[in-house]
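Asks: 3D, please:
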Amino acid sequence: MFKNNDIDSKFKAISSLLNKLKINASTYLDLGSGDGSLTQLIAKTVGAREYYCVDIDIKALKAASLKGCKIYNIDLDIEKLPFSDGFFDLVTAFNVIEHLRNPDNMLREVRRVLKKRGFFMLSTPNIASWYNRLLLLFGEPPLGIDLSTEWRYCYPFGVKSTISGHVRMYTLKALTRLLEHHGFKAIAYKGFPQIWKKTQPKGVLKLISVLDKLLSKYSKLAPNILILSMK
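Replies: Numbers count the residues shown, from 1 in each chain. Next up is the predicted model:
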């Protein structure tokens, strides 16, 4: 569920893990693919001959099909994936799990369709990020949690919350243990900074964004968690 303006910074973190571990994948599945822009980049990185996009947004899938993706309209909360057992070398789900009411359905299906020793990579916001820890210390709500479906909370420095649609949040430890519960072994993880989509960082916010880049080198403190696991 990536927006186009998120891709460059997130792909940098994703590709660094894939390249570091020299991961190749002939068959690749991207869950919550959106328009397939990131899917296409990753497919090239891992040398995928076939790559598949799953999303609930039909309009986004139509755009993905123009990029060479094989598309499937699936509700990951309740539906099974239309693939045979052990079909894929690599499955990804970027910024998807926090939107699901039943993440266990997706995780069970991912493990089913992955080959033995296949790879699963996912990302999600980190509720234990350095700035969320500071916000809670001063009585402010953490970022990434919807307090209302229509009202936006105003944080210090004029930053307003977004209506994210997130229904659950994770720490690095919690997400790792959830993956273990579903039969995955985490083999690498990485943090990456906050994406400023609607607020252009200036003044104090610019300093915060610089600090964010530095602290994001520590995965437990980073605003976003990226985990690579193996079946």
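
Asks: And for residue 227, the neighbour number?
Replies: 22 (other Cβ atoms under 10 Å). All C-beta spots, glycine's among them, are computed from the backbone N, C-alpha and C.

Asks: Need the three-state assignment for it.
Replies: strand (DSSP: H, G, I helix; E, B strand; the rest coil).

Asks: quick one: the closest residue to it other than its chain neighbours and residue 47, what's the gap?
Replies: With Cβ to Cβ, 6 or more residues apart in numbering as the criterion, residue 227 has its nearest non-adjacent residue at 4.6 Å, and that residue is residue 189. Residue 189 is 23 Å from residue 47, where distance means Cβ to Cβ, to the nearest Å.

Asks: And residue 27, by the same measure?
Replies: 11 Å.

Asks: okay, the two: which has more neighbours?
Replies: Legend: neighbour count by other Cβ under 10 Å for residue 27 and residue 47, higher for residue 27 (20 against 12).

Asks: residues touching residue 70, list them.
Replies: 50-53 (Cβ atoms under 8 Å, 6 or more residues apart in numbering).

Asks: again with residue 117
Replies: 230-231.

Asks: re earlier: quick one: which of the contacts of residue 70 is most hemmed in?
Replies: residue 53 (28 neighbours).

Asks: Let's verify that one: helix, strand, or coil?
Replies: strand.

Asks: and it, what is it in contact with?
Replies: 30, 33, 36, 39, 61, 64-65, 69-72.

Asks: In the protein, what residue spans correspond to helices?
Replies: 7-20, 37-46, 58-65, 103-113, 130-137, 172-181, 204-215 (DSSP state H).

Asks: nearest to residue 82, of those helices?
Replies: Of all those, it is helix 103-113 that lies closest to residue 82, at 9.4 Å by Cβ to Cβ.

Asks: remind me which residues of the protein are low pLDDT?
Replies: Across the chain, the ranges flagged by pLDDT under 70 are 1-8, 195-205.

Asks: Would you tell me which strand is longest in it?
Replies: strand 114-125 (DSSP state E).

Asks: what angle do that strand and helix 130-137 make?
Replies: 50 degrees (axes from the mean of the first three to the mean of the last three Cα atoms, to 10 degrees).
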